[in-house]
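In: I would like the atomic coordinates for the input below:
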Amino acid sequence: MKHWYRCNGVVVPLKVCIGPLPGSGAFVAQWSSAHGDAQPRDILPHPNFLRLSVMLEPLESRVWAGDRPVWGGIIGAHHFRICGPDEHGRWTQLSRCDIANIFLPLDTVRRFARLAGLDDAQWPMVAAFTQDRRVAELTRQMLEASADPHPLGLHYCDGLMTALIAYLLQRYAAPTPASTPMPTSTYVACGLQGGPLRRVLALIREQSGRDLYVNELAAQCGMSESHFSREFKRAVGMPPHQYLLQQRLTQAQEALSGTDERIGDIALNLGFTDTSHFSRLFAQRFGQTPTQFRRAQRTEVQR
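Out: Predicted structure coming up:
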């Protein structure tokens, strides 16, 4: 799997890279980049596997056909698509990104399809990026389970994988298998994209430690509050206040693992009202308190 990423131009270390899981034989990976890259990248086939590409935060991208860009825009958080084993294409990552890829063995998918009374050829296929919070939540839980040092951590992750495969077959089973290039015309146009959306997302990331109000963000785009809120959710996959909270908690993770700052100082610097409020929200999001998360990170480094 790491070789596949390197061949696709991903040079940063993967945040998560596990597999094959004991029952499903699936692989789970997560990679992120703090900066965009204007250089087009090839997406190579992955024989005998379906690949779920799940956006964990919004991504501005461009899709290429040969040397010609044929689509560009923002793909919102919690959106995913399923790529067939022979699919290939070219794309450009124009913004920071956080992407999970799940590789499902075709033999496993076919086995579950038969259990559901489906034909072997009825793979779940989602050609265009589609918002689905259940897929995103199961993916998030798998990424968290992969970091659990407990001996049964991978088995727990495998149970989540079973739930994901069953859900995909119930919800997205295709009439026939398809091997199609990355779609160029099935993305939904949005009224908030390009430069205005980039400015808003950058403002939220850069000033996540203070309260940002919708009217301030809307003014950046020349929109009314109601219109901005609607278009922001459509583009990003969540309301502005929820995206701000996600950014704060992500930055808190980075501070906990990369600095020796006191937890109370991290909470106050990121705009939380107090340490207990911060700890409660952090635990709800990541399944660990800040103290437990920092301890686990340090234990992992020492290994």
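
In: From the opening residue of stretch 118-131 to its closing one, how far?
Out: Stretch 118-131 has an end-to-end distance of 25 Å (criterion: C-alpha to C-alpha, to the nearest Å).

In: List the buried residues in it.
Out: By neighbour count with 16 or more other C-beta atoms under 10 Å, stretch 118-131 contains the buried residues 118, 122-127, 129-131. C-betas here are computed from N, CA, C, even on glycine.

In: what does stretch 158-169 give?
Out: Neighbour counts over stretch 158-169 (16+ other C-beta under 10 Å) mark 158-161, 164-165, 168-169 as buried.

In: residues in contact with that stretch?
Out: The contact list for stretch 158-169 (C-beta atoms under 8 Å, 6 or more residues apart in numbering) reads 21-24, 26, 28, 82, 102, 104, 108-109, 112-113, 116, 118, 122, 124, 134-135, 138-139, 141-142, 145.

In: Stretch 256-275 now?
Out: Residues outside stretch 256-275 that contact it (C-beta under 8 Å, 6+ apart): 208-211, 248, 251-252, 255, 277-279, 281, 290-291, 293-294, 297.

In: After the helix or strand R111 falls within, which helix or strand is next?
Out: Taking DSSP states H and E as the definition, R111 sits inside helix 106-115. Later in the chain than helix 106-115, the nearest helix or strand by DSSP H and E is strand 130-131.

In: what mean pLDDT does that next one have?
Out: Computed over strand 130-131, the mean pLDDT rounds to 86.

In: Stretch 12-22 now?
Out: 89.

In: average pLDDT across the host helix or strand of H277?
Out: Secondary structure from DSSP H and E places H277 in helix 275-286. For helix 275-286, mean pLDDT is 89.

In: can you list contacts of the next helix or strand after it?
Out: Scanning forward in sequence from helix 275-286 by DSSP H and E, the next helix or strand is helix 290-302. Contacts to helix 290-302, defined as C-beta under 8 Å, 6+ apart, come from residues 147, 149, 252-253, 256-257, 263, 266, 278-279, 282, 286, 288.

In: and helix 290-302 with helix 275-286, angle?
Out: 60 degrees (axes from the mean of the first three to the mean of the last three C-alpha atoms, to 10 degrees).

In: in helix 290-302, what counts as buried?
Out: Under the neighbour-count criterion of 16+ other C-beta under 10 Å, helix 290-302 has 290, 293-294, 296-297 buried.

In: Adding pLDDT, write those out as TSV.
Out: Below are these laid out as TSV (pLDDT from 0 to 100):
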residue	pLDDT
P290	93
F293	87
R294	89
A296	82
Q297	77
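
In: Among the residues you listed, which one lies nearest to G153?
Out: Nearest to G153 among the buried residues of helix 290-302: A296, at 11.6 Å, using C-beta to C-beta.

In: Please report how far the closest one lies from P290.
Out: 11 Å (C-beta to C-beta, to the nearest Å).

In: what's the closest of the buried residues of helix 290-302 to K2?
Out: Looking across the buried residues of helix 290-302 and measuring by C-beta to C-beta, the closest to K2 is Q297, at 21.6 Å.

In: What's the PyMOL line that selects buried ones from the contacts of helix 290-302?
Out: Buried residues among these (16+ other C-beta under 10 Å), as a PyMOL selection:
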select buried, resi 147+252+253+256+263+266+278+279+282+286+288
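
In: Taking the contacts of helix 290-302, tell me the two that lie furthest apart.
Out: Using C-beta to C-beta, the pair of these lying farthest apart is P149 and F278, separated by 24.4 Å.

In: Please report phi then psi for L50.
Out: With angles defined as degrees, to the nearest 10, L50 sits at phi -90, psi 150.
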